[in-house]
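missing the sequence, but the structure's below:
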């Protein structure tokens, strides 16, 4: 029996992908892919050496491209520093680094700045978790007073339970970046997280997870995701009006992911090779 084709849904969300689809720097990637998307996730995973960051001239060119292509940006903040470091000195350095990066990109008026709060895999007890939360609070207590709008920071769901972030989101008036692929890889309930954070979700990271091997592999093409998880995700996205960023890192994974989305939603592009 042939699978029944359902009518395509209007896409309510803004569609994005990363600034590393081609093995090149941020600016050449935006030039190549920006015309197909509403938004680009600028990947700023590294803060050192300073040369890895775009220059102010390049940021101005990104701003011009945004005008020319009717494009917005969100910024993935560096992951080589940590607001949850056991060392207060290192947490303070992380704050300086984060605020410097945010100031560099401020002229682009990003929709959000996505932030990791790392947790050691050895955290196993309530005491361990309380110590991590205390370090996170101390880091955010240094960072948030420097921000004009704390809600521009979206804490990303990582390997640990998304509920660990809820007290921090509420206390510091932050936002949440839901990484759907992380939810599936680590066994968290995506629907519960969507419900818990409601209007505090400016961006969703979407990517496939390959469960065929002994260890699930994420950030792959969306057609690797089991059908039941894909349908759960698209049901949630059918009423979501924020940004959905296909968080993949090459052209094949991107186009295969776009093709999968195009089975559900209208107005999904395909990039030229």
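The structure has been received and is ready for your questions. Small disclaimer: the values here were computed from a predicted structure and weren't measured.

which parts of this structure are strands?
All strands of the chain, identified by DSSP state E, fall at 14-18, 39-43, 72-76, 113-115, 153-156, 175-179, 203-206, 208-210, 217-220, 243-246.

as CSV, these with mean pLDDT would be great.
Below are these laid out as CSV (pLDDT from 0 to 100):
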stretch, mean pLDDT
strand 14-18, 98
strand 39-43, 98
strand 72-76, 98
strand 113-115, 98
strand 153-156, 98
strand 175-179, 98
strand 203-206, 98
strand 208-210, 98
strand 217-220, 98
strand 243-246, 98
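
okay if I get those strands as CSV plus mean neighbour count?
C-beta: built from backbone N, CA, C; applies to glycine. Listed next are those as CSV, based on neighbours: other C-beta atoms under 10 Å:
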stretch, mean neighbour count
strand 14-18, 23
strand 39-43, 24
strand 72-76, 23
strand 113-115, 24
strand 153-156, 24
strand 175-179, 27
strand 203-206, 26
strand 208-210, 21
strand 217-220, 19
strand 243-246, 25
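
which among the ones you listed is found nearest to residue 226?
Counting by C-beta to C-beta, residue 226 lies closest to strand 208-210 out of the strands of the chain; the figure is 8.2 Å.

packing partners of that closest one?
Applying 3 or more C-beta pairs under 8 Å, 6 or more residues apart in numbering; DSSP states H and E, one finds that strand 208-210 makes contact with helix 180-186, strand 217-220.

at 10 Å what do you get?
With contacts taken as 3 or more C-beta pairs under 10 Å, 6 or more residues apart in numbering; DSSP states H and E, strand 208-210 sits against helix 180-186, strand 217-220, helix 227-237, helix 251-261.

from those, which stretch is densest packed?
Most buried of those, by mean neighbour count (mean count of other C-beta atoms under 10 Å): helix 180-186, with a mean of 23.

hmm, back to that, closest one to residue 158 among the helices and strands packed on strand 208-210?
Nearest to residue 158, of all the helices and strands packed on strand 208-210, is helix 180-186, at 6.0 Å by C-beta to C-beta.

helices or strands next to that closest one in the packing?
Applying 3+ C-beta pairs under 10 Å, 6+ apart, we find helix 180-186 packed against helix 190-197, strand 203-206, strand 208-210, strand 217-220, helix 227-237.

pLDDT averaged over it - what is it?
Across helix 180-186, the average pLDDT comes to 98.

ok so, going back, out of the helices and strands packed on helix 180-186, which gets nearest to residue 152?
strand 203-206 (11.2 Å).
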